[in-house]
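Visitor: Sharing a model prediction with you, sequence too.
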Amino acid sequence: MKNAIVIGSGIAGASVAYELAKKGLDVTIIDRNEIGQATQASAGIISPWAAQRRNKDWYELVRLGAKAYPAFMQELAEFRVQPSAYKKVGSIHLFDKQERLEAAIERVKKRRVDAPEIGKLTSLSSTDVEEVLPFVQKNTFQGLLIEGGARVDGRALQQTLLEAASTLGARNIQGDARLLIEKDCIQGVQLKDQTLFTDAVVVATGAWMDDVFNPYDITFDVRPQKAQLIHLQLPTIDTSNLPVIMPPNNQYMLPSEDRRMIIGATHETDAGFDTRVTASGMNEVLSKALTIAPGLSTSTVLEARVGLRPFCGNSLPVFGQIKQITGLYGVNGLGASGLTMGPFIGKQLAKQITGEELDIDLAPYAFDRILLQ
Ligand SMILES: Cc1cc2nc3c(=O)[nH]c(=O)nc-3n(C[C@H](O)[C@H](O)[C@H](O)COP(=O)(O)OP(=O)(O)OC[C@H]3O[C@@H](n4cnc5c(N)ncnc54)[C@H](O)[C@@H]3O)c2cc1C
């Protein structure tokens, strides 16, 4: 394999393009700059171990993804990644019931056997919680502090990966790509005013997966899930080293640099490809956050972001070869954990493309699972 085209430059495409360029392939990355790109809107939580999800194939990807991060970021230091792009700040999981805290401690302790990077677990009283997070509702929450929790700036990481790939010889093209397939074999990619021929194509087009397959009557079970979140700036508190905060609802609070606090996000499954910031989305995010943390009410609203999380059948990612077409590969369905697992998946996919031995069995993540026609 000498060359490859990657369609889509979100975290999935950027990761695989970087890995392929590192292996010496002649790589071309094509993106049409969708404003709902998930990676551009993402928050950046890397702390998957307390999740209640029982799907072991999903957990394996987030576990290995989180584990790989520190070494991966060290590798990227060569390409001048921003020092604050990844920070191990810990994560605090808040509970309003003692039995839920105890269940979480048990769950994470069990998972620590295979994930020592979880580090120290500390149980926090409501007084301890208030000391670390002075803006949360008083006398209400106990907490579990997971030492290994981290945050990553998705935009900065994506930018670094694309720049690194380009330093290694990859080229970036802006354009709307269509597949060029003949006799069940990939030939290349069709853009508006040019045709690019290649040995392999990786489709990493997120929620817009079906567009590239439409001319061939191939449909995959991939759906957009709209997510809206808000960036606040706190008046005085230094947030740069605060842990990631996971309240007992379906939202999060992610402290960042410059007194920034990211709150969100919505999970809108019926909004299709609508990328508007809506009144109800903002109301949901703000009211949930201020119920947990009334002390945030005097913060400045800096901006709102919207992204379309790509979800596919069983909410389990797919990646690898698309067997129906020789030379065609893909990655999709990274859902709400794509920053956590994206770089790890990118590495595995690049290994498959170049015929190397993989670190995991790809069978659970095969594209056949989501092929509708
Ligand atoms: C608000 C929000 C918060 C999140 N927070 C976290 C978090 O804290 N932790 C975590 O682990 N994950 C998080 N995620 C999830 C993560 O961001 C996504 O899973 C991940 O970014 C998906 O990456 P992707 O590359 O598959 O898709 P995308 O980032 O959406 O990229 C797809 C790209 O394909 C391009 N494209 C599509 N069709 C074509 C075509 N025909 N030709 C050319 N280009 C095309 C688009 O322009 C787009 O740039 C969050 C997501 C959102 C939306």
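Guide: Perfect, I can see it now.

Visitor: Where does pLDDT dip in the stretch 1-150 of the chain?
Guide: Counting by pLDDT under 70, the stretch 1-150 of the chain contains no low-confidence range.

Visitor: all strands in it, in order from the N-terminus.
Guide: Secondary structure of the stretch 1-150 of the chain (DSSP state E, counting those that start in this stretch): strands located at 3-7, 26-31, 45-46, 86-87, 91-95, 121-124, 142-146, 150-152.

Visitor: now those as a markdown table including distance to Thr340 and mean neighbour count?
Guide: All C-beta atoms are positioned from the backbone trio N, CA, C, and that covers glycine. Below are the strands of the stretch 1-150 of the chain laid out as a markdown table (distance: least, Cβ to Cβ, whole Å; neighbours: other Cβ atoms under 10 Å):
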| stretch | distance to Thr340 | mean neighbour count |
| --- | --- | --- |
| strand 3-7 | 20 | 25 |
| strand 26-31 | 22 | 23 |
| strand 45-46 | 5 | 23 |
| strand 86-87 | 12 | 22 |
| strand 91-95 | 12 | 26 |
| strand 121-124 | 19 | 16 |
| strand 142-146 | 14 | 23 |
| strand 150-152 | 8 | 25 |
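
Visitor: can you tell me which of those strands comes nearest to the ligand?
Guide: strand 45-46 (3.6 Å; Cβ to the nearest ligand atom).

Visitor: Pipe the strands of the stretch 1-150 of the chain into TSV and attach distance to Pro215 per row.
Guide: Output for those, formatted as TSV (distance: least, Cβ to Cβ, whole Å):
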stretch	distance to Pro215
strand 3-7	14
strand 26-31	16
strand 45-46	38
strand 86-87	40
strand 91-95	44
strand 121-124	52
strand 142-146	47
strand 150-152	36
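
Visitor: between the ones you listed, which gets nearest to Ile345?
Guide: Evaluated with Cβ to Cβ, these place strand 3-7 nearest to Ile345, the distance being 13.0 Å.

Visitor: distance of the residue in the stretch 51-200 of the chain that the ligand sits nearest to from Arg171?
Guide: Across the stretch 51-200 of the chain, the shortest distance to the ligand (Cβ to the nearest ligand atom) belongs to Ala177, at 3.7 Å. From Ala177 over to Arg171 the distance is 14 Å, taken as Cβ to Cβ, to the nearest Å.

Visitor: These two - which one has more neighbours?
Guide: Neighbours were counted for Ala177 and for Arg171 using other Cβ atoms under 10 Å; Ala177 has more, 25 against 12.

Visitor: any idea how far Leu371 is from the more buried one?
Guide: Relative to Leu371, and taking Cβ to Cβ, Ala177 is found at 20 Å.

Visitor: And the helices in the protein?
Guide: 11-22, 38-41, 56-76, 98-112, 126-132, 154-167, 209-213, 279-292, 338-353 (DSSP state H).

Visitor: Please identify the deepest-packed of the ones you listed.
Guide: Of all these, helix 11-22 has the most neighbours on average by mean count of other Cβ atoms under 10 Å, namely a mean of 28.

Visitor: ok, and the closest non-adjacent residue to the residue of the stretch 151-300 of the chain at minimum distance from the ligand?
Guide: Residue nearest to the ligand within the stretch 151-300 of the chain: Gly206 (2.8 Å; Cβ to the nearest ligand atom). Of all residues not flanking Gly206 in the chain, Pro310 sits nearest, at 4.3 Å (Cβ to Cβ, 6 or more residues apart in numbering).

Visitor: For the one you found, list each beta-bridge partner.
Guide: Note on Pro310: beta-bridge partners Pro224, judged by DSSP bridges.

Visitor: ok, it touching Ser337?
Guide: No. Using Cβ atoms under 8 Å, Pro310 is not in contact with Ser337; the gap is 11.4 Å.

Visitor: With neighbour numbers in mind, choose between those two.
Guide: With neighbours defined as other Cβ under 10 Å, Pro310 and Ser337 compare such that Pro310 has more, 26 against 22.

Visitor: residue contacts, the more buried one?
Guide: 38, 206-207, 209, 222-225, 332-335, 338 (Cβ atoms under 8 Å, 6 or more residues apart in numbering).

Visitor: Contact residues of the stretch 1-150 of the chain facing the ligand?
Guide: 7-13, 30-34, 37-39, 41-45 (Cβ under 6 Å from any ligand atom).

Visitor: For the ligand, give me its nearest residue in the stretch 201-350 of the chain.
Guide: Counting by Cβ to the nearest ligand atom, the stretch 201-350 of the chain gets nearest the ligand through Gly338, at 2.0 Å.

Visitor: Quick check, pLDDT for that residue.
Guide: pLDDT, Gly338: 98.

Visitor: Now do the contacts for the residue lying closest to it once chain neighbours are set aside.
Guide: In space, and not counting its chain neighbours, Gly338 is closest to Ile11: 5.5 Å by Cβ to Cβ, 6+ apart. The contact partners of Ile11, taken as Cβ under 8 Å, 6+ apart, are 38-39, 42, 154, 157-158, 161, 334, 338-339, 342-343.

Visitor: Try it again at 7 Å.
Guide: Contact partners of Ile11, counting by Cβ atoms under 7 Å, 6 or more residues apart in numbering, are 39, 154, 158, 338-339, 342.

Visitor: What about the closest residue to Lys351 other than its chain neighbours, how many residues nearby?
Guide: The shortest distance from Lys351 to any non-neighbouring residue, by Cβ to Cβ, 6+ apart, is to Leu358 (5.3 Å). By other Cβ under 10 Å, 12 other residues sit near Leu358.

Visitor: next one: phi and psi at Leu358?
Guide: Per-residue torsions, Leu358: phi -90, psi 160 (degrees, to the nearest 10).

Visitor: With Ala350 as the reference, measure out to it.
Guide: With Cβ to Cβ as the criterion, Leu358 and Ala350 are 10 Å apart.

Visitor: any residues in contact with both of the two?
Guide: Joint contacts of Leu358 and Ala350 (Cβ under 7 Å, 6+ apart) do not exist.
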